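Engineer: coords please:
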Amino acid sequence: MSTILVSAIIVTKGRKDYILPLLGSLKRQTGHDLEIIIIDNSLNPDFSKEIILRHPHIKLYSSPSNLLSYCQALNTGINMSAGDFILCLNDDVLLSNDFIEKAMRGFKVNKRIGMVSGKILRFDKKTIDSSGLFLTIWRTARERGYGQLDHGQFEKEGFIFGVNGAVAFYRREMLEEIKIGGEYFDSDFRFFYEDLDIAWRAQNSGWRGYFIPEAEVCHLRGGTARNGKGINKKYARRYLNDELQFDLIKNRYLAIIKNDSLLNLLFFLPCIVFYDIFVWGYIVFFRPTFIKEIFFKSIPLNSALKKRRILLEKAKNS
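Structural biologist: Prediction:
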């Protein structure tokens, strides 16, 4: 059987109890040549040395002084990679031994499948974390099956809007086509909604996502971004610090500005406003001090509008 090179890119802050089991699961993958790239955001040289000592075949990039945002880290990893297919991973996931082999079937459905998701479960292996990413009428990201017990209700493979950023499998050809100014992931996003943004751009360019339920993976929901109390809990915004809270709010607006059509924007405007009332109501009543901080933070609206024009021009010429 011929092999196709897959590049797995892991962004980590250096918690060894997360990344070592993940590396073990990558080592056990079957069916395809695989390169592993770690973007180390720990600022701990001892962590990097230990990883290289244990796994000398891995490519590792250590941020020397300034931490990379999640999007910057992924862009760095993709630029270092050689694979025809790119598997972007949080360090708090664990892949089944045949995850890559089974997920690759999704790319074979047709040549315009640019994103593939497996079934993402919590570590109890009973609760669904995601069976595909979808765009809602509120212009938010919805993880299908999120928090539901797995009763086999998502055992049918098929088309989806996008893939969860914790285990995001992409065709390189798609990433190259939709990148803007050399960036695959928009660095203005930093963290949150980057997976919806890239899926939205891809869909607007004629690419599709696909779900393969047999490709299973476990994810510790919130292990990367939330504090300890928020792991595997609903209503993520309750457990985010102010910086991540700002990204969560800001990035939804940026994704809408960049990707939504004017017709859809007008049609869904009542839903967008309704959702905003809910979000800002939460801020006013539960995090009022955060309101002051927002006025001192900049939202890159001009950058988003410029990228929108680039994307519209690309669509016109395609």
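Engineer: Next secondary structure after whatever helix or strand Lys49 lives in?
Structural biologist: Per DSSP states H and E, Lys49 falls inside helix 45-54. Next helix or strand after helix 45-54 toward the C-terminus (DSSP H and E): strand 59-62.
Engineer: just checking, what packs against that next one?
Structural biologist: Contacts defined by 3 or more Cβ pairs under 8 Å, 6 or more residues apart in numbering; DSSP states H and E place strand 59-62 against strand 34-40, helix 45-54, helix 70-80. C-beta coordinates here come from the backbone N, C-alpha and C atoms, glycine included.
Engineer: Starting from that strand, tell me which strands it pairs with and how they run.
Structural biologist: Partners of strand 59-62 in the sheet, by DSSP bridges, are strand 34-40 (parallel).
Engineer: how about the strand it pairs with as CSV, C-alpha atoms only?
Structural biologist: C-alpha atoms of strand 34-40 as CSV (Å, rounded to 0.1, in the frame of the first residue of the first chain):
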residue,chain,number,x,y,z
LEU,A,34,4.1,10.7,9.5
GLU,A,35,6.2,13.6,10.6
ILE,A,36,5.6,15.2,14.0
ILE,A,37,6.2,18.9,14.7
ILE,A,38,5.9,20.4,18.2
ILE,A,39,5.6,24.2,18.7
ASP,A,40,6.8,24.6,22.3
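Engineer: hang on, the earlier thing: show residues contacting the helix holding Lys49.
Structural biologist: 14, 16, 19-20, 23, 38, 40, 42, 58, 60, 62 (Cβ atoms under 8 Å, 6 or more residues apart in numbering).
Engineer: Just the buried subset of these, please.
Structural biologist: Buried members of the contacts of helix 45-54, counted by 16 or more other Cβ atoms under 10 Å: 14, 19, 23, 38, 40, 42, 58, 60, 62.
Engineer: what would these look like in TSV with pLDDT?
Structural biologist: Formatted as TSV, the buried ones among the contacts of helix 45-54 follow (pLDDT from 0 to 100):
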residue	pLDDT
Gly14	83
Ile19	91
Leu23	94
Ile38	95
Asp40	92
Ser42	86
Ile58	93
Leu60	93
Ser62	88
